[in-house]
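K.L.:
how would this look folded up:
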Amino acid sequence: MLIAIKEVGRGSVMRILVADDDRGVLAAYKAAFASLSGGQKQSELSAMASSLFSDADAADTAPVETPDFEVTYVDQGADAVAAVEESLRAGLPYQLVFLDMRMPPGIDGKETARLIRAVDADINLVMVTGYSDSSPLDVAKVAGPLEKLYYVAKPFEIDEILQLARALSAKWRTERELQAAQRKLEQQVELLEEGNALLAASEARARHAAFHDVLTGAPNRAAFIRELTDRVQQKSARFAVAILDLDRFKSVNDNLGHAAGDDLVRSVWRGLHTALPPGAMAARIGGDEFGLVLPFNDPTQMREVCENFVKICTQDRAIFGHSVQIGASIGVSISLEDGERDAIDIVRRADLALYAAKRGGRGQAYVYDQSLDESTRFRLLIENGLRKAIADNELSLVYQPIVRQDTLEVAGFEALVRWESEEHGTISPSLFVPIAEEGSLIHELSDWVLPRALEACKGWPGRYVSINFSPRQFHRPGFTAYVQQAVAAAGLTPDRVQIEITETALFDDAQLAANTVAELHAMGFRVALDDFGTGYSSLFNLKNFSIDCIKVDRSFVTSLGKEGNSTAIVSSITQLARSMGLTVVAEGVEDQFQHQALRLAGCSHMQGYRFGRPVDEAGALARLNETSQPCDEQRAASA
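P.N.:
This is a model prediction of the structure:
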């Protein structure tokens, strides 16, 4: 039966269970665990031990330290099992059991140990016996593991019991603490893994969005250029690039609406994708334009493949209950026999062939030949004209406001260069800037733009100027010192200047770019990644760079409300960027719908005709003075 006697010490309590049918032995246990305070003397303990064991053993017993024990005593194995079960229900488990091997008339120590181990895997079992019907191996088989099973021979010494109790209690506590720490660590690892999984999923969605068209699910222009670049770098088998443009597509949009046009584009894509030969890829690179990278075997086969694409596009289609027939023109450029060296140039040649196909009556494929290429002369003309324009001051700067989406306050201006040629009229930056980037002329252009943009910024207290730099400039030795000296000469602090670079500038030489960005950041400059989503980068990779801001490309903004999952894509990019502490600027915002969609997506800043067209320096100052009387764009944006 259960004897409800407990000895409670002080401090941290060691919970111990003693099971023995011999009341004299139980008394010895009580003497061992009893506190020696309150006048009890060592001689009393020695006398009790002497009455139970030999006088010699009692005489040799050392003084006993007073530990903090809470001991439960039982005289039957079944009561011991019940006591362990009750302790677990109460949340106060025993740390060890001193268990007699023979406890008639009930179950013996071996069976008691087996039952206790079945309900408590952590408890330490100490088998105390002078004689046993079961060997230690037999007991270990039913009540192991061995590291939680111990033996003490009768007659025992008090010190032996106390030392074993202290050691096993400390061992039990240490194991519990380690288990708790392991559980906590496992929980933290699980939370970390869940966080990584969410981040990986967001990264995968953002990466997929960066390289796929939201309307058709086809690879987009970025994926097309990436594939083309890979083919160029491989320098193995020859290949061809085909640019396919739909004929009469505009009439479908005008007469049946943009939804019908979208359905038509999806239908064309499905047909092209199905007809692709092995080793080919196709991408949607514009509203009604597709780019194809095709394996090249011989000109005849190439022409047959392209003519089949034209045939697919000219099939009658049922669009929203209407029978629609369009056409297609294709321009083809075949890679050079000695290895293509310029991915952009092969696309340019395919574009020239496409224009020739359209000029020749449409509905056909035209393969590039050198007679089409007047671009070399034209590019030289532009380069010489630009050099003269810089010298003669034919260039000018305009500034487009970047506004905070919550207050519509102007945070800064992006500096944009313009060229009004006396001979050729207005020449687009998209034409002359790439030509300048091919040679050292880009540095002359930067030398003209940078000091003028900084001088203008001096008149915008509390605002910054955002200045674009090409990859060639960004990788130029001494670039950071060049910018720092120009800013210091203008009397500005670096925090008033934002450096805009493209993804190409980062990933052409990632280590050099990381070092350059880190230097700029350490100097106090803001660094923004322009046209995000049109190149190779992913937000996950940007963690390696000290980027402050990403500018979402206008192609994503333009597609809001028009193409499938465009809003979800922008939201995914924005949320992931903000989680990394990046400012997000949406470019090309032109109407209220785009403004509201981007606001809900979480873009912190916006830029576009909705908030102001590019204006000269005087116009920028006038815009800043309109704080008390908002301009039309501000009133419309807040409507």
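K.L.:
and the helix or strand hosting residue 159, average pLDDT?
P.N.:
Per DSSP states H and E: residue 159 is located in helix 158-210. Helix 158-210 shows a mean pLDDT of 87.
K.L.:
now do the buried residues in whichever helix or strand comes after that helix.
P.N.:
Counting by DSSP H and E, the next helix or strand C-terminal to helix 158-210 is helix 221-234. Buried residues in helix 221-234, counted by 16 or more other Cβ atoms under 10 Å: 221, 222, 223, 224, 225, 226, 227, 228, 231, 232. C-beta coordinates here come from the backbone N, C-alpha and C atoms, glycine included.
K.L.:
which among these gets closest to residue 436?
P.N.:
residue 225 (20.6 Å; Cβ to Cβ).
K.L.:
you'd agree the closest one is up against residue 346?
P.N.:
No: the pair residue 225 / residue 346 is not scored as a contact, 10.9 Å apart, by Cβ atoms under 8 Å.
K.L.:
what do these two both touch?
P.N.:
By Cβ atoms under 8 Å, 6 or more residues apart in numbering, residue 225 and residue 346 have no common neighbours.
K.L.:
residues in contact with residue 316?
P.N.:
323, 324, 325.
K.L.:
let's go with 10 Å and repeat that
P.N.:
The contact partners of residue 316, taken as Cβ atoms under 10 Å, 6 or more residues apart in numbering, are 323, 324, 325, 326.
K.L.:
in stretch 90-106, what's buried?
P.N.:
93, 94, 95, 96, 97, 98, 99, 100, 101, 102, 103, 106.
K.L.:
max pairwise distance over those residues: which two?
P.N.:
So, the buried residues of stretch 90-106 by Cβ to Cβ: farthest apart are 93 and 102, at 25.9 Å.
K.L.:
in stretch 592-602, what counts as buried?
P.N.:
Neighbour count says stretch 592-602 has 594, 595, 597, 598, 599, 601 buried, by 16+ other Cβ under 10 Å.
K.L.:
for stretch 606-619, same thing?
P.N.:
For stretch 606-619, a neighbour-count test (16+ other Cβ under 10 Å) marks 606, 607, 608, 610, 611, 612, 614, 615, 617 as buried.
K.L.:
and of the contacts of residue 316, the nearest to residue 461?
P.N.:
The closest of the contacts of residue 316, once distances to residue 461 are taken by Cβ to Cβ, is residue 326, at 55.2 Å.
K.L.:
contacts only, for the nearest residue to the closest one once chain neighbours are set aside.
P.N.:
Closest residue to residue 326 apart from its sequence neighbours, by Cβ to Cβ, 6 or more residues apart in numbering: residue 248 at 4.9 Å. Residues near residue 248 by Cβ under 10 Å, 6+ apart: 288, 324, 325, 326, 327, 328, 362, 363.
K.L.:
could you pull out the helices for the stretch 301-450 of the chain?
P.N.:
343-359, 375-392, 429-437, 441-457 (DSSP state H, counting those that start in this stretch).
K.L.:
dump those to JSON lines, plus distance to residue 586, mean neighbour count and mean pLDDT.
P.N.:
Output for the helices of the stretch 301-450 of the chain, formatted as JSON lines (distance: least, Cβ to Cβ, whole Å; neighbours: other Cβ atoms under 10 Å; pLDDT from 0 to 100):
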{"stretch": "helix 343-359", "distance to residue 586": "27", "mean neighbour count": "19", "mean pLDDT": "87"}
{"stretch": "helix 375-392", "distance to residue 586": "31", "mean neighbour count": "14", "mean pLDDT": "84"}
{"stretch": "helix 429-437", "distance to residue 586": "20", "mean neighbour count": "16", "mean pLDDT": "88"}
{"stretch": "helix 441-457", "distance to residue 586": "22", "mean neighbour count": "19", "mean pLDDT": "95"}
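K.L.:
what about residue 256, distance to residue 247?
P.N.:
Distance, residue 256 to residue 247, using Cβ to Cβ, to the nearest Å: 16 Å.
K.L.:
list the buried residues of stretch 18-32.
P.N.:
Here stretch 18-32 shows 18, 19, 20, 21, 25, 26, 28, 29, 31, 32 as buried, counting by 16+ other Cβ under 10 Å.
K.L.:
out of the contacts of residue 248, who's nearest residue 624?
P.N.:
residue 288 (41.1 Å).
K.L.:
show the backbone phi and psi for residue 293.
P.N.:
phi -110, psi 120 (degrees, to the nearest 10).
K.L.:
next, work out how far apart residue 86 and residue 289 are.
P.N.:
79 Å.
K.L.:
the two: who's more crowded?
P.N.:
When neighbours are counted by other Cβ atoms under 10 Å, residue 86 and residue 289 differ, and residue 289 comes out ahead with 17 against 12.
K.L.:
helices along the stretch 451-600 of the chain, start to end?
P.N.:
471-474, 479-490, 503-507, 510-523, 554-558, 566-579, 592-601.
K.L.:
the shortest one packs against which elements?
P.N.:
Helix 471-474 is packed against helix 429-437, helix 441-457, helix 479-490, strand 497-501, helix 503-507, helix 510-523, with contacts defined by 3 or more Cβ pairs under 10 Å, 6 or more residues apart in numbering; DSSP states H and E.
K.L.:
and the contacts of that helix?
P.N.:
So helix 471-474 is in contact with 436-440, 442-443, 445-446, 450, 479-480, 482-483, 499, 501-509, 512-513, 516-517, 520, going by Cβ under 10 Å, 6+ apart.
K.L.:
please apply the same query to the fifth one.
P.N.:
Residues from elsewhere that reach helix 554-558, judged by Cβ under 10 Å, 6+ apart: 209-210, 213-214, 220-222, 286-287, 531-534, 563, 566-567, 569-570, 573, 586-591, 594-595, 597-598, 603, 606-608, 610.
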